[in-house]
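*Asks:* Take this sequence and fold it.
(2 chains)
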Number of protein chains: 2
Amino acid sequence: MVLSGIWRKNENSRDPLPPNLIVSHDKAVPPNSVQELCASVGWSRREPDLIVKALANSLAVVSIWVDGELIGFARATGDKVFNATIWDMVVRPDFQRMGVGRLVMAELLKELDEEYGIPLVTLYADPGTDGFYKRFGFLCDPSGVRGMFREKLDY
Amino acid sequence: MVLSGIWRKNENSRDPLPPNLIVSHDKAVPPNSVQELCASVGWSRREPDLIVKALANSLAVVSIWVDGELIGFARATGDKVFNATIWDMVVRPDFQRMGVGRLVMAELLKELDEEYGIPLVTLYADPGTDGFYKRFGFLCDPSGVRGMFREKLDY
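*Replies:* Have a look, this model is predicted:
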């Protein structure tokens, strides 16, 4: 799907969206492209076969491409009914501040809304990014609910 | 699976676990039982057919039964590889403070660990419950990461 013109009018971003931008909702994103994109923002390496499996088991996957290169990505997991959680929201550094992240979020939420009608969408926001997500109606710790994590580094 | 004796030794709980307790990891929990349990703690009603679908699409479901009645429950969604999120952790009020919640969590985490080996398990803790989850290695907002929610009440 080629992006419609409306997304180019993004007055709060530093630069306009890049031309020739393509939005995909295909879960079969090549794992090497995902690895490269994640490496560009300093995320740790994940095995290609595990990436393929995780994407296939995701509810929705959005990828943004320019000239055959993956420059933006996010996905959501969930039960297809009551809730979804957004993970791995990433934009390649040389394409940041152009509205690509907003496009990724809008496309992902559109799929969660239109395909599944999921009432509760959650995410875990890195420090300083909550303002970005508030634009899409996300609230921090509503009613005192706290995000908690158990990480096992020995897997 | 009948519970092993070790869970009966729960010195921090007010009362011992009830006898004749049965632990199940079957996703096909009757939706009416889930509804009744959720109603017992004041949660809003969900349609039975949606409950069935959501449980089938969950990664793991743990239910605790006494004399044929569902008294404890939790489930997890996720991508089967990198992450899982725990939802709907509930213990019937007349069976609280006996260690049932701890048993539910232990059984759920055991399945996530042994079946999938998932490195990151997350949850959203209601106010005042974070101490409970800390016992299982969960941390609040590590590195400043914040849980965020977008709720649509019109679905």
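*Asks:* where exactly do the helices run in chain A?
*Replies:* Taking DSSP state H to define them, one finds helices in chain A at A:31-40, A:48-56, A:100-111, A:130-134.
*Asks:* Find the closest residue to chain B in chain A.
*Replies:* Of all residues in chain A, A:Gly147 sits closest to chain B, with a separation of 2.5 Å (CB to the nearest CB). Quick note: C-beta positions are derived from backbone N, CA and C, even for glycine.
*Asks:* Next up, the contacts around that residue.
*Replies:* Neighbour list for A:Gly147: A:Tyr124, A:Asp141, B:Thr122, B:Leu123, B:Tyr124, B:Ala125, B:Cys140, B:Asp141, B:Val145, B:Arg146, B:Gly147, B:Met148 [criterion: CB atoms under 8 Å, 6 or more residues apart in numbering or on different chains].
*Asks:* hmm, try it at 7 Å
*Replies:* Remark: with contacts taken as CB atoms under 7 Å, 6 or more residues apart in numbering or on different chains, A:Gly147 is in contact with A:Tyr124, B:Thr122, B:Tyr124, B:Asp141, B:Val145, B:Arg146, B:Gly147.
*Asks:* Is the second one in contact with A:Leu123, as I believe?
*Replies:* So that's B:Thr122. No: in this structure, B:Thr122 sits apart from A:Leu123 without contact. The criterion is CB atoms under 7 Å, and the distance is 10.3 Å.
*Asks:* Count the residues that sit near the nearest residue to A:Glu69 once chain neighbours are set aside.
*Replies:* Leaving aside its sequence neighbours, A:Glu69 sits nearest to A:Ser33 (CB to CB, 6 or more residues apart in numbering or on different chains; 7.5 Å). Residue neighbour count, defined by other CB atoms under 10 Å in any protein chain shown, stands at 17 for A:Ser33.
*Asks:* The one 4 residues further on now?
*Replies:* For A:Leu37, the tally of surrounding residues (other CB under 10 Å) stands at 23.
*Asks:* from what I can see it touches A:Ala74, true?
*Replies:* No: look at A:Leu37 against A:Ala74 with CB under 7 Å: they stay out of range, at 10.8 Å.
*Asks:* circling back to that earlier point, what's the distance between the residue nearest to A:Glu69 and A:Leu112?
*Replies:* Using CB to CB, to the nearest Å, one gets 23 Å for the distance from A:Ser33 to A:Leu112.
*Asks:* again, but for A:Tyr133
*Replies:* Per CB to CB, A:Tyr133 is found 14 Å from A:Leu112.
*Asks:* Over to A:Pro19?
*Replies:* According to CB to CB, A:Pro19 and A:Leu112 sit 28 Å apart.
*Asks:* who's more crowded, those two?
*Replies:* A:Leu112 (23 against 9).
*Asks:* so what's the more buried one up against?
*Replies:* Applying CB under 7 Å, 6+ apart, one finds that A:Leu112 lies in contact with A:Ala60, A:Ala76, A:Ala84, A:Ile118, A:Val121.
*Asks:* how about a cut-off of 8 Å?
*Replies:* Taking CB under 8 Å, 6+ apart as the contact definition, A:Leu112 lies against A:Leu59, A:Ala60, A:Ala76, A:Gly78, A:Ala84, A:Ile118, A:Val121.
*Asks:* Which of those has the largest number of neighbours?
*Replies:* Top of the contacts of A:Leu112 by neighbour number is A:Ala84, holding 30 neighbours under the definition other CB under 10 Å.
*Asks:* for that one, which residues make a bridge with it?
*Replies:* As for beta bridges, A:Ala84 partners with A:Gly78, A:Val121 under DSSP bridges.
*Asks:* OK, contacts around it?
*Replies:* A:Leu59, A:Ala60, A:Ala76, A:Thr77, A:Gly78, A:Leu112, A:Tyr116, A:Ile118, A:Leu120, A:Val121, A:Thr122.
*Asks:* wait, doesn't the first one sit right on A:Ala74?
*Replies:* Yep, that's A:Leu59 we're talking about. No: in this structure, A:Leu59 is not within contact of A:Ala74 by CB atoms under 8 Å, at 11.5 Å.
*Asks:* the more surrounded of B:Thr122 and A:Leu123?
*Replies:* When neighbours are counted by other CB under 10 Å, B:Thr122 and A:Leu123 differ, and A:Leu123 comes out ahead with 26 against 22.
*Asks:* okay if I get the contacts of A:Gly147 as JSON lines plus distance to B:Arg92?
*Replies:* Converted to JSON lines, those look like this (distance: CB to CB, whole Å):
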{"residue": "A:Tyr124", "distance to B:Arg92": "30"}
{"residue": "B:Thr122", "distance to B:Arg92": "25"}
{"residue": "B:Tyr124", "distance to B:Arg92": "21"}
{"residue": "B:Asp141", "distance to B:Arg92": "30"}
{"residue": "B:Val145", "distance to B:Arg92": "32"}
{"residue": "B:Arg146", "distance to B:Arg92": "31"}
{"residue": "B:Gly147", "distance to B:Arg92": "26"}
